[in-house]
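Colleague: No letters, just coordinates:
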């Protein structure tokens, strides 16, 4: 059976201390991510890109996002809340007779139930995205100004087990990075 | 998705971004309007739109003070321009969702050039539509009564068996979900604007608006998923919204309104009018901001094809309606439709037919559907025609069951002011959007550009 796994809820970790290298082409970052993943001792590494690079999730070893589980659960909450609210107000709390319509006129409750399902599912997916991306944060330090425009960065945090400053710098250089910078927190 | 450049060339598929750009050039081109001082054309347009908006706000204030009797509505025509405008604007909004959600699910890459502007159009159109609704209740400060909050009057609940309450939920859900969808796509692009500015003040503003986005792939992988989820949620949502709007009419017992064709007919009409509005806006925007390499003729041609197809659907709905009115043998139903076409509002009916059914037929010819002046004029015609479609539907009220109570609806200057004002609000918001935020989804455009390795 397909069940949610913890790794599916991967989240952004602050790039406060470590090394990053810049690449010019998406192919390079794909290859760099693959090699870093294969190294095994650079866990917690990250790729910062101006747009979602196709295939980078696989290259980094990231599993499929787990947010759909949240969407599904909150969609169920929304629909039960939506229907329940209408039932409780119209059939229980104050039943009023409108032109002989049934108190529990369930077909008439479907539109609002549907809208509440969509609302809860959509809003909670967005909140989940914000939570896992660790936003909103004001004044977050950015690594390099070109990363959101045309450069691709590979980030290895100092917390990675295999991290040794000089070695890591050389490793990133060996992957073909044009510009390697050490960030100290 | 994974077709290589070579295959695309063989098949004669034109690139969606022209001019063989680098990522950096794309950033610079798309962000240019947000980084340079507005042009004279922009200031003129903005000043005009803002003036109309301010006058409109004044008129709304006067309307509140005086009451709705200064409008043309009467008995039997209890619904006037407000409802016409509401349905018109909410319909305009639907194309934005269609482009961003439905084309997203079908992986139509050409949408990336236009989806941002189309979604912005959705948000602003829904805001204008909602403002029409709130004003037309007469006492807008009690507008919150529409929501079923626990109150001290019993509590007295709203009637969930009424389509007007479904509408409240549909429109507010539609607005929230569209806003979230639009903004999630905007966050990475706002971060780009932030990272390119050297002005401290501007940096602080865009930093707050970008939520501190840095482009981590761990966040991108969730963002991609959430976009997909929101697209999947918006697709049934957009259908439900205009269906529920049509229920406002269809769930009544009036001949001409009480028909099962209304939901699909309204949805098709909404897409039709919305695409026309996108064409109108994009023709102007690509000219004004020099974005012809991103909003290419291919984009415009595709949209014109959609306009033609939905125009045919709408035309088919008009004829079905008429046929069924006759075929049903119901004399009230029959009278309503004959009255629409040949009664006192015959001119509105024939404006509707000629603008909506006849004018898009020019798009059968490739030469005409790739001509900027032709598509611009047709898109304006369609906008006019679709406004009149809603006018024709609402004006069904003017001849009810008792000939003694028949009356015509004569709009007053305040009705016209609200109509013109709605355009003022819309264009003010749209022009501001064009200056402040990237009009084209830069990150998405980059992700569909061919790379050196030949795949993306």
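Modeller: Yes, it's here. Being a predicted model, the structure only gives us computed values, none of them experimental.
Colleague: Which element, helix or strand, includes residue B:32?
Modeller: Assigned by DSSP states H and E, residue B:32 belongs to helix B:23-35.
Colleague: The very next helix or strand once past that helix - what's its average pLDDT?
Modeller: Using DSSP H and E, the next helix or strand after helix B:23-35 towards the C-terminus is helix B:40-66. In this model, helix B:40-66 carries a mean pLDDT of 93.
Colleague: cool, stretch B:227-247 as well?
Modeller: 93.
Colleague: Whether it contacts chain A - can you check?
Modeller: Yes - against chain A, stretch B:227-247 shows contacts by CB under 8 Å from any CB of the partner chain at B:229, B:230, B:233, B:234, B:236, B:237, B:240, B:244, B:247. For glycine as for every other residue, the C-beta is placed from the backbone atoms N, C-alpha and C.
Colleague: Check which residues of that stretch are buried.
Modeller: B:227-235, B:237-247 (16 or more other CB atoms under 10 Å in any protein chain shown).
Colleague: Just the ones of those residues in helices?
Modeller: B:227-235, B:237-247 (DSSP state H).
Colleague: next SSE after the longest helix belonging to chain A?
Modeller: For chain A, the helix that runs over the most residues, judged by DSSP H, is helix A:106-133. Remark: after helix A:106-133, the chain's next helix or strand is strand A:152-157, criterion DSSP H and E.
Colleague: okay, the angle between that next one and helix B:23-35?
Modeller: With axes from the mean of the first three to the mean of the last three CA atoms, to 10 degrees defining the directions, strand A:152-157 sits at 90 degrees from helix B:23-35.
Colleague: tell me what strand A:152-157 is packed against?
Modeller: strand A:18-23, helix A:26-39, strand A:46-48, helix A:165-174 (3 or more CB pairs under 8 Å, 6 or more residues apart in numbering or on different chains; DSSP states H and E).
Colleague: quick one: that strand to chain centroid distance?
Modeller: 18 Å (CA atoms, centre = their mean, to the nearest Å).
Colleague: can you state the direction angle for that strand and helix A:26-39?
Modeller: Using the same axes, to 10 degrees, strand A:152-157 lies at 20 degrees relative to helix A:26-39.
Colleague: which stretches of the chain have low pLDDT?
Modeller: In the absence of a named chain, chain A is used. A:1 (pLDDT under 70).
Colleague: That was the other one, I meant chain B.
Modeller: In chain B (pLDDT under 70), the answer is B:1-16, B:451-456.
Colleague: Run the contact check for stretch B:128-145 versus chain A.
Modeller: No - figure legend: stretch B:128-145 not in contact with chain A (CB under 8 Å from any CB); closest approach 14.4 Å.
Colleague: buried stuff in that stretch?
Modeller: B:128, B:129, B:130, B:131, B:132, B:133, B:135, B:136.
Colleague: can you check stretch B:341-352 too?
Modeller: Those would be B:341, B:343, B:345, B:348, B:349, B:351, B:352, for stretch B:341-352 by 16+ other CB under 10 Å.
Colleague: contacts for stretch B:19-38?
Modeller: Under the criterion CB atoms under 8 Å, 6 or more residues apart in numbering or on different chains, residues A:50, A:149-150, B:17, B:46, B:189, B:192-193, B:196-197, B:289-291, B:293-294, B:434-440, B:442, B:445-446, B:449 lie in contact with stretch B:19-38.
Colleague: what's the spacing between that stretch and its chain's center?
Modeller: Worked out by CA atoms, centre = their mean, stretch B:19-38 lies 27 Å from the chain centre.
Colleague: What residues sit buried inside it?
Modeller: Neighbour count says stretch B:19-38 has B:21, B:23, B:26, B:27, B:28, B:29, B:30, B:31, B:33, B:34 buried, by 16+ other CB under 10 Å.
Colleague: quick one: which of the helices and strands packed on strand A:152-157 is nearest residue B:303?
Modeller: Taking CB to CB, helix A:26-39 is the member of the helices and strands packed on strand A:152-157 nearest to residue B:303, at 29.4 Å.
Colleague: Alright, that wraps it up for me.
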